[in-house]
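*Asks:* build me a model:
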Amino acid sequence: MAARTALNPPKTPLNSLKFQRPNSSFSSTPFVRKPDSWNYPKISLSVKSGQNHHQSSQVASLDTLLNSGRKEEFLDAIKGSLHNCLSETNLHLTVPGLKSKIRGKVRDIYDGGDYLVLVTTDRQSAFDRILASIPFKGQVLNETSLWWFNRTQHITPNAVVSAPDKNVTIAKKCSVFPVEFVVRGYVTGSTDTSLWTVYKNGVRSYCGNALPEGLVKNQKLPANILTPTTKAEDHDVPVTPDEIIERGLMTQAEFDEAREKALRLFEYGQRVASEHGLILVDTKYEFGKGSDGSILLIDEVHTPDSSRYWISNSYEERFQNGLEPENVDKEFLRLWFKDNCNPYEDEVLPDAPAELVSELAWRYIFLYETITQSRFELPQTEEKLHDRIFRNVSSALSSLQ
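*Replies:* Numbering: from 1, shown residues only. Now for the predicted structure:
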């Protein structure tokens, strides 16, 4: 059984963390300082209520929403779980029928013959290494994806077989296309490969898309666009549709079908997000081919990790005033590490403050409830996470035999 887990998972030496990607399956420096108080960005979210079939909207600040009674319902559970996070699993050593393990940034993926067992952990990564473990993050990501998988079957079939545990999805094994289908609705971002960065550097043809002159940062694009990428050793590489076909990564028919599915999924996601007070800005999809030749949606869908969400009710005014859109920020933990160490070069990182880890855990839960308009349900047992997952996965696999 698993030993007691530290607030942060075991530190991994710099450059030794290599996230593996399945080829054909679904896939410290001294602590510096702690300020007297942490300042989180203030944003607003439209809170809708209906009376006599009429709806009114009122604006509530992020402080009001994030520090509401709803937060208090979770805070004790979050703090009590700081040392019981799901940082690592080794089900292949204990569950009969599991042959091997591939460790991703967040997911542990197990080969179960005709099926894959995907365990979404609580790991929080950045700078190509693990920063901390965030209570309930894995459950949030797994259940957010399942919510979307269930609601997008009218657009595309998916690989989900069952969800025997709050952190686990069992999926059909399929051949994964080595292409990520990144769909964007706005010109934004700050990284070297972000759409805004390449656009401001003069690029007007990107991944096969002709971009008009005169766009400004955070502007809505005339139409949603697909900007696919391929996986290199340690980063994603933008690619055009023609290059995908020429390199033999997909056939023309396969690409055309996956492209249509991705754009339809994104349009649907935008519509649902808008109804829930959010803007789905951009996201990524992955597809695989099942044993019957059908193209299946795999991996994750519209999660807080795979997607960028903005707050809709304040977007237009802020855009007109040249301000950044409001969002439920998750970057503060990453920025703390940049301020307190050199996360790119230091062999060992300092432990993340418990207050920041707890705040981030709540924000993941808040995003789940906002995206899905569903209540997040805490586990109803104090059973150790590893024991619970072992029991549930073992039972589920035995029933699939």
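*Asks:* what about the strands in the stretch 201-350 of the chain?
*Replies:* Applying DSSP state E, counting those that start in this stretch to the stretch 201-350 of the chain gives strands spanning 205-206, 209-210, 219-226, 229-231, 236-238, 278-289, 295-298, 307-311.
*Asks:* dump the last one to PDB, keeping only the CA atoms.
*Replies:* Output for strand 307-311, consisting of C-alpha atoms alone and laid out as PDB, is shown next (Å, rounded to 0.1, in the frame of the first residue of the first chain):
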ATOM      1  CA  SER A 307      -8.700  24.600 -22.400                       C
ATOM      2  CA  ARG A 308      -8.600  28.300 -21.800                       C
ATOM      3  CA  TYR A 309     -11.700  29.900 -20.400                       C
ATOM      4  CA  TRP A 310     -12.500  33.600 -19.900                       C
ATOM      5  CA  ILE A 311     -15.400  35.200 -18.100                       C
END
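*Asks:* tell me what it is packed against?
*Replies:* strand 44-51, strand 278-289 (3 or more CB pairs under 8 Å, 6 or more residues apart in numbering; DSSP states H and E). Yep, even glycine has a C-beta here, placed from its N, CA and C like the rest.
*Asks:* of those strands, which shows the lowest average pLDDT?
*Replies:* Ranked by mean pLDDT, the helices and strands packed on strand 307-311 bottom out at strand 44-51, with a mean of 37.
*Asks:* how close does Val106 get to Tyr364?
*Replies:* 12 Å (CB to CB, to the nearest Å).
*Asks:* hey, what's in contact with both of the two?
*Replies:* Counting by CB atoms under 8 Å, 6 or more residues apart in numbering, the shared contacts of Val106 and Tyr364 are Leu141.
*Asks:* who has more neighbours, the two?
*Replies:* Using other CB atoms under 10 Å as the criterion, Val106 and Tyr364 rank with Tyr364 on top: 27 against 22.
*Asks:* which outside residues touch the helix ranked longest in the chain?
*Replies:* Longest helix of the chain, by residue count under DSSP state H: helix 252-275. For helix 252-275, the external contacting residues (CB under 8 Å, 6+ apart) are 148, 151-152, 155-156, 177, 179, 181, 183, 185, 224, 226, 241, 244-245, 250, 279-280, 283, 285, 287, 289, 295, 297, 301-302, 307, 309, 312, 371.
*Asks:* what subset of the residues you listed is buried?
*Replies:* 148, 152, 155-156, 177, 179, 181, 183, 185, 224, 226, 241, 244, 250, 279-280, 283, 285, 287, 289, 295, 297, 301-302, 307, 309, 312, 371 (16 or more other CB atoms under 10 Å).
*Asks:* take the strands of the stretch 201-350 of the chain and write them to CSV, including distance to Gly189.
*Replies:* Putting these into CSV (distance: least, CB to CB, whole Å) gives the following:
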stretch, distance to Gly189
strand 205-206, 12
strand 209-210, 15
strand 219-226, 12
strand 229-231, 13
strand 236-238, 12
strand 278-289, 8
strand 295-298, 24
strand 307-311, 8
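*Asks:* ok, which of those comes nearest Pro135?
*Replies:* In terms of CB to CB, the element of the strands of the stretch 201-350 of the chain nearest to Pro135 is strand 307-311, at 21.1 Å.
*Asks:* just give the strands next to that closest one in its sheet, each with its orientation.
*Replies:* Sheet pairing of strand 307-311 (DSSP bridges) gives strand 278-289 (antiparallel).
*Asks:* how far off helix 252-275 does the strand it pairs with point, in degrees?
*Replies:* 150 degrees (axes from the mean of the first three to the mean of the last three CA atoms, to 10 degrees).
*Asks:* tell me which element the residue lying closest to Asp165 once chain neighbours are set aside is part of?
*Replies:* Among residues not flanking Asp165 along the chain, Asn392 sits closest, at 4.0 Å (CB to CB, 6 or more residues apart in numbering). Assigned by DSSP states H and E, Asn392 belongs to helix 385-400.
*Asks:* so what does that helix touch, helix or strand wise?
*Replies:* Helix 385-400 packs on strand 115-120, strand 160-165, strand 168-172, going by 3+ CB pairs under 8 Å, 6+ apart.
*Asks:* could you identify which of the ones you listed is most buried?
*Replies:* strand 115-120 (a mean of 26; mean count of other CB atoms under 10 Å).
*Asks:* which residues touch that one?
*Replies:* Around strand 115-120, the neighbours that count as contacts under CB under 8 Å, 6+ apart are 25-27, 86, 89, 91, 95, 98, 106-110, 138-139, 141-142, 161, 167-173, 389, 393, 397, 400.
*Asks:* in PDB, list the C-alpha atoms belonging to that strand.
*Replies:* In PDB, the C-alpha atoms belonging to strand 115-120 read as follows (Å, rounded to 0.1, in the frame of the first residue of the first chain):
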ATOM      1  CA  TYR A 115      -8.600  -1.800 -22.700                       C
ATOM      2  CA  LEU A 116      -6.600   1.000 -21.200                       C
ATOM      3  CA  VAL A 117      -6.900   2.200 -17.600                       C
ATOM      4  CA  LEU A 118      -6.400   5.900 -17.300                       C
ATOM      5  CA  VAL A 119      -5.800   7.200 -13.800                       C
ATOM      6  CA  THR A 120      -5.900  11.000 -13.500                       C
END
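*Asks:* any idea how far that strand is from the chain center?
*Replies:* Distance of strand 115-120 from its chain centroid, counting by CA atoms, centre = their mean, to the nearest Å, is 16 Å.
*Asks:* what's in contact with the helix or strand following it?
*Replies:* Sequence order places strand 123-126 as the next helix or strand after strand 115-120, per DSSP H and E. Outside strand 123-126, the residues that touch it by CB under 8 Å, 6+ apart are 9, 87, 105-106, 130-134, 137-138, 333-334, 337, 343, 360.
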